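# task: produce atomic coordinates for the following.
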Amino acid sequence: MVTASNRAAAGVYPDKSGQLLAGLLAEAGCEQVDGPRVVPDGEPVETALREGVREGYDVIVTTGGTGLTPQDLTPEMTRRVIEREIPGIAEAVRQANREKVPTSVLSRGLAGQAGTTLIVNLPGSSGGVRDGMAILAPILRHAVDQIKGGDHPRH
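Got it, this is the predicted structure:
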């Protein structure tokens with residue numbers, strides 16, 4: 001997992017959302033949670049994503065860099081890496097807690113596939129990470145299985 005934060009990467013403050021995300025990924029059943037790798041937003045995000053794909057991670061979740069400020073470039077860096085977008089995930093994350101947090105729709109996060117890796121951008125706030133993981137946790141195993149060529153389960 002990757003935290004995109006210029007200030008956390010510079011040591012101005014600790015990376016709280018990345019630590020929270022690591023715990024929630026473990027709770028969701030991810031067998032190996034590496035990170036967070038804290039990098040400044042922009043090109044370092046693209047580099048971290050490409051390294052994760054090369055290293056064969058099933059899932060890379062980012063936190064931060066999805067807003068509207070000029071420094072928020074995580075979606076642009078993600079778009080350079082993914083081969084297929086999965087818009088339903090990103091839309092569900094934006095809508096997850098919209099009634100309580102109307103500004104959640106301003107997140108520009110993406111979700112997509114690069115090789116056999118699922119990449120999902122979550123907002124940088126703790127609440128955004130919690131809301132995003134509430135969407136991701138129930139679908140992660142199935143999404144990874146599908147990306148690797150698995151069939152739909154028969155019920």
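# lowest-confidence helix or strand of the chain?
helix 6-9 (a mean of 93; mean pLDDT, DSSP states H and E).
# check which residues of stretch 125-139 are buried.
125, 128, 129, 130, 131, 132, 133, 135, 136 (16 or more other C-beta atoms under 10 Å). Glycine gets a C-beta too; all of them are placed from N, C-alpha and C.
# ok, now stretch 109-126?
For stretch 109-126, by 16+ other C-beta under 10 Å, it's 109-114, 117-125.
# looking at those residues, spot the one nearest residue 70.
Taking C-beta to C-beta as the measure, residue 124 is the one of the buried residues of stretch 109-126 closest to residue 70, at 15.3 Å.
# how about the closest one: what's its closest non-neighbour residue?
residue 64 (3.2 Å; C-beta to C-beta, 6 or more residues apart in numbering).
# the one you found: how many residues sit nearby?
For residue 64, the tally of surrounding residues (other C-beta atoms under 10 Å) stands at 32.
# residue 128 sits in which helix or strand?
helix 126-136 (DSSP states H and E).
# state the mean pLDDT of that helix.
Mean pLDDT, computed over helix 126-136, is 96.
# outside of it itself, list whatever touches it.
16-17, 20-21, 24-25, 28, 61, 63, 89, 92-93, 96-97, 101, 104, 107, 109, 120, 122-123 (C-beta atoms under 8 Å, 6 or more residues apart in numbering).
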